[in-house]
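Peer 1: Sharing a sequence plus its predicted fold:
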Amino acid sequence: MKMEKTQAYTRILELRGIIDEANRRYYVENAPTISDRDFDFLMKELEALEREYPEFDSPDSPTHRVGSDLDATVQKEFKQYPHKYQMLSLGNTYDISEVVDFSDRASRLLPGKNFTYSCELKFDGTAICLSYSKGRLVRALTRGDGQVGDDVTANVKKISNIPQSLKGGNYPEEFEIRGEIYMPYSAFDRLNEERTRDEEQPFANPRNAASGSLKLLDSAEVAKRGLECTLYHMVGEALPFKTHSEALDAAQSWGLPVSDKRRICKTIGEIQDYINYWDTERKALPFATDGVVIKVNELEYQKDLGYTAKFPRWAVAYKFKAEQALTQVKSIDYQVGRTGAVTPVANLDPVLLSGTTVKRATLHNEDQMRLLDIRIGDYVYVEKGGEIIPKITSVELSMRNAALKAPEFPKVCPDCGCTLVKDEDEAKWFCPNREGCPTQIKGRLVHFVSRKAMNILAGDATIDQLYALGLVKSPADFYGLDKASLLRLEGWKDKMAERFLKSIDASRNTPFENVLFALGIRYVGETTAKVIARHFGNVDAIAAASLEELRETEDVGDVIAESVYNFFRNEANINDIARLRAAGIHLAAEREETAGDALDGKVIVITGTYSVPRDRMKKIIEENGGKSSSSISSKTSFVLAGEKPGPEKMKKAEELGVKVISEEEFMAMIHPAQNPVQNSEQNGEPAPAESQAVTQQEKIYKIGEQMSLFGDEE
Ligand code: IVH
């Protein structure tokens, strides 16, 4: 039965929102929150609806665009250049019958033609386009939005298997060659170990690690990341090749990295054999592959088949099903989160899955445990989605020992022993001991210091130490710390304590919307915090708002409104807020209009780290009439050097005689009234009306949050 028209339209809008946001998380933030498979199915649903209801189709729909790795929300870190030839993606399928359809269609469109297929691995990394001119690498662009890409040449030059000059002499004068930059599993494991040790968020998978690394601002750092490249598509005017495979063979002879796992297939049977072979053998590869790409090999026929708006008609990607592994459940832990929610997590017999060893998997909640009918000792299938923590998809009942009993969900908090509670409409059990449960307290502190909240340099280990010594129990305690107390922490030296105190001090400049997020109000993620902060302007107005007023706030539903309302009716929270106010934390929205003209006409290159996040520093420059740029030239007014400035930038500044100034000198340059501490609370003005508007991007966030596809709110 056809869907109601309005229902279809609502779903189309919703899907576009979710897909756009998922694209942004994947391509820009390198932190995907839904699996590729789920993403592909959402996209297929949208395509089908737009086909069924063409009146709702729109050129802006993500079905007509390739995902973009360009970050539209911040000022460009990289120069951007248009692609000489549009950089398209591939149509993909999980269904072998669609590969058969692809081959049938090609045969139909090329009647009587004798053609072959080039079958290749689908490398799971980030796409790159290299331009060679007279045998020298002149530019490397990311895919960007397919039309325009980020110039990452300096970084690509640090990738060891990409030659900067070609060998032999028979290469075309100008050509482009496209491929994938990826991170082998060994480099990925090393990087994540390092990040965990440094209390940084590890990457979810090698693909995100590769694209995140390629967009680093410091190419010396890129060199250390162990990235590799494989090239799979040559483009250029009048290339002297008849087939795609000949072009790649030639590229290889010039010293370019090309896969040796390619195979020419003549029939669909051979294609199927290639797919089946690699579906098993990929597990032994030292890098991630997520499928096979099948291309019509003859360039003349590729031209005949041409392109749709988004994909070539001469190629298709077959995606492997997510890898599964069978392993045994050793025990089940019940983890308490910062909001008190209890999540069951299975400890597994370690098993290799997609190149990494899996030891734990989430079971989500009691209902899910019951649904899986899981028991300690069972053999289970684990699978990786887009997230770091794998999930258990099913139990292998044929291997079950009949004596195993279904585990009982605990009645009391595994940490503080308090009786757990559960609301009728909740899936999770909660520990109600908000004030006394150590895990909840530490969880809230970890959230408070996190990058998108107060951005204080501390992770789980530091919080554990601070809490164990009784130095920090509530967020405001950070602002009372001194060097002497920090030196009591095991392994802490002068420098470390000073750095930590400096970051605490800098966090006083955190904008109100981030502070509101940092408070850890249940269901109030980054976006909701922004909406509420802009709507009410300051914390007192939020605290005074009635349930009705909260509900009436755009994009704030009943659940969020109730959560915010209750938060401000809790005495401990009110005390915390009073102490944060006394510590000088922003509890009112910033003024948003341009602050001054001290930097009018100045072009400023920023390098290193500052006491405020980089994006904030750029905003300060803009607010004061300046422009920030990523590369130094004779037009640069000065270089603003923070801690650990990029050595190449410093060298260039010296060569060009460009002045270098410190953060302190810079802050002194701009009028004190235009410092980041400026806010409406101080000048008595309400937040400007335009700041209350909710952008489309933010609405999209909301849909994702409501569908619990994204975000870490429990
Ligand atoms: S050919 C005109 N070949 O997968 C399209 N792409 O999901 C040329 N990929 O956009 C692309 N391995 O980033 C091609 N052997 C391979 C590939 C490959 C990985 C990537 C590429 C593409 C995406 C599609």
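Peer 2: Cool, got the structure. Quantities reported herein were computed from a predicted structural model and do not represent experimental measurements.
Peer 1: Can you read off the backbone torsions of G179?
Peer 2: Taking degrees, to the nearest 10, you get phi -170, psi -160 for the backbone angles of G179.
Peer 1: next one: M399
Peer 2: Backbone torsions for M399, taken as degrees, to the nearest 10, come to phi -100, psi 10.
Peer 1: How many residues are close by it?
Peer 2: Under the neighbour criterion other C-beta atoms under 10 Å, M399 is assigned a count of 12. For the C-beta atoms, the positions are set from N, CA and C on the backbone; glycine is no exception.
Peer 1: what's near enough to touch it?
Peer 2: If you count contacts by C-beta atoms under 8 Å, 6 or more residues apart in numbering, M399 has them with D378, Y379.
Peer 1: Also L137?
Peer 2: Contacts of L137 by C-beta under 8 Å, 6+ apart are L130, S131, T153, V156, K157, I162, P163, Q164, S165.
Peer 1: Is it possible to mark the buried ones in the residues you listed?
Peer 2: Applying 16 or more other C-beta atoms under 10 Å to those, the neighbour count classes L130, S131, T153, V156, I162, P163 as buried.
Peer 1: can you map out the strands along the stretch 151-300 of the chain?
Peer 2: In the stretch 151-300 of the chain, the strands defined using DSSP state E, counting those that start in this stretch lie at 174-182, 228-235, 263-265, 289-296.
Peer 1: Show me what the longest helix along the chain is packed against.
Peer 2: The longest helix of the chain (DSSP state H) is helix 5-23. Judged by 3 or more C-beta pairs under 8 Å, 6 or more residues apart in numbering; DSSP states H and E, helix 5-23 is in contact with helix 36-52, helix 696-706.
Peer 1: tell me the mean pLDDT for it?
Peer 2: Averaging pLDDT along helix 5-23 gives 86.
Peer 1: just stretch 642-651 next, same as before
Peer 2: The average pLDDT within stretch 642-651 is 85.
Peer 1: Identify all contacting residues around it.
Peer 2: Here stretch 642-651 has contacts from 154, 217-220, 605-610, 617, 632, 639, 641, 660, 663, using C-beta under 8 Å, 6+ apart.
Peer 1: which parts of it are buried?
Peer 2: By 16+ other C-beta under 10 Å, the buried positions in stretch 642-651 come out as G642, P645, G646, K649, M650.
Peer 1: Test my guess that K79 contacts S630.
Peer 2: Yes: here K79 lies in contact with S630, judged by C-beta atoms under 8 Å, at a distance of 7.1 Å.
Peer 1: so Y334 is in which element?
Peer 2: Assigned by DSSP states H and E, Y334 belongs to strand 324-336.
Peer 1: would you put the C-alpha positions of that strand in PDB?
Peer 2: Output in PDB follows, covering the C-alpha atoms of strand 324-336 (Å, rounded to 0.1, in the frame of the first residue of the first chain):
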ATOM      1  CA  GLN A 324      31.400 -11.700  12.200                       C
ATOM      2  CA  ALA A 325      33.300 -13.700  14.600                       C
ATOM      3  CA  LEU A 326      32.200 -16.500  16.900                       C
ATOM      4  CA  THR A 327      33.400 -16.400  20.500                       C
ATOM      5  CA  GLN A 328      32.400 -17.300  24.000                       C
ATOM      6  CA  VAL A 329      30.900 -15.100  26.700                       C
ATOM      7  CA  LYS A 330      33.200 -15.300  29.800                       C
ATOM      8  CA  SER A 331      31.300 -12.900  32.100                       C
ATOM      9  CA  ILE A 332      28.900  -9.900  32.000                       C
ATOM     10  CA  ASP A 333      29.800  -6.600  33.600                       C
ATOM     11  CA  TYR A 334      27.100  -4.000  34.500                       C
ATOM     12  CA  GLN A 335      28.500  -0.600  33.900                       C
ATOM     13  CA  VAL A 336      27.200   2.500  35.500                       C
END
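Peer 1: In which helix or strand does A406 reside?
Peer 2: Short version: A406 belongs to no helix or strand, going by DSSP H and E.
Peer 1: Could you report the neighbour count for it?
Peer 2: Around A406 there are 11 residues (other C-beta under 10 Å).
Peer 1: Can you verify my assumption that it contacts G377?
Peer 2: No: in this structure A406 lies outside contact range of G377 using C-beta under 8 Å: 11.3 Å.
Peer 1: circling back: now do the buried residues in the strand holding Y334.
Peer 2: A325, T327, Q328, V329, I332, Y334, V336.
Peer 1: ok, so of those residues, who is nearest the ligand?
Peer 2: A325 (23.6 Å; C-beta to the nearest ligand atom).
Peer 1: Double-check the closest one against G355; I have them as touching.
Peer 2: No: between A325 and G355 there is no contact under C-beta under 8 Å: 11.3 Å.
Peer 1: about what we covered before: helices - which of the contacts of L137 land there?
Peer 2: Of the contacts of L137, the ones assigned to helices by DSSP H are T153, V156.
Peer 1: and which of the contacts of L137 is nearest the ligand?
Peer 2: Among the contacts of L137, L130 lies closest to the ligand (C-beta to the nearest ligand atom), at 13.3 Å.
Peer 1: what bridges to the closest one?
Peer 2: Beta-bridge pairing of L130 under DSSP bridges involves A140, I177.
Peer 1: follow-up on the earlier one: next, format the strands of the stretch 151-300 of the chain as a markdown table and append mean pLDDT and mean neighbour count.
Peer 2: Output for the strands of the stretch 151-300 of the chain, formatted as a markdown table (pLDDT from 0 to 100; neighbours: other C-beta atoms under 10 Å):
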| stretch | mean pLDDT | mean neighbour count |
| --- | --- | --- |
| strand 174-182 | 97 | 21 |
| strand 228-235 | 97 | 21 |
| strand 263-265 | 98 | 16 |
| strand 289-296 | 96 | 24 |
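Peer 1: now those as TSV including distance to the ligand?
Peer 2: As requested, these are exported to TSV (distance: least, C-beta to the nearest ligand atom, whole Å):
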stretch	distance to the ligand
strand 174-182	5
strand 228-235	4
strand 263-265	12
strand 289-296	4
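Peer 1: now those in a markdown table, with distance to V449?
Peer 2: Shown next, in a markdown table, are the strands of the stretch 151-300 of the chain (distance: least, C-beta to C-beta, whole Å):
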| stretch | distance to V449 |
| --- | --- |
| strand 174-182 | 32 |
| strand 228-235 | 35 |
| strand 263-265 | 52 |
| strand 289-296 | 35 |
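Peer 1: for those strands, which one sits closest to F102?
Peer 2: Among the strands of the stretch 151-300 of the chain, the nearest to F102 by C-beta to C-beta is strand 289-296 (7.0 Å).
Peer 1: Can you give the strand pairings for that closest one, parallel or anti for each?
Peer 2: With DSSP bridges as the test, strand 289-296 is paired with strand 117-123 (antiparallel), strand 315-319 (antiparallel).
Peer 1: Now do A220 against M650, distance only.
Peer 2: In this view, A220 and M650 are 12 Å apart by C-beta to C-beta, to the nearest Å.
Peer 1: do the same with V472
Peer 2: Using C-beta to C-beta, we find V472 at a distance of 37 Å from M650.
Peer 1: Next up, the contacts around the closest residue in space to M369 that isn't next to it in sequence.
Peer 2: Spatial nearest neighbour of M369, chain neighbours left out: L363 (5.1 Å); criterion: C-beta to C-beta, 6 or more residues apart in numbering. By C-beta under 8 Å, 6+ apart, the residues touching L363 are I332, T343, P344, V345, A346, M369, L372, I374, I392.
Peer 1: What about those residues, which one has the most neighbours?
Peer 2: Using other C-beta under 10 Å as the neighbour criterion, A346 leads these with 27 neighbours.
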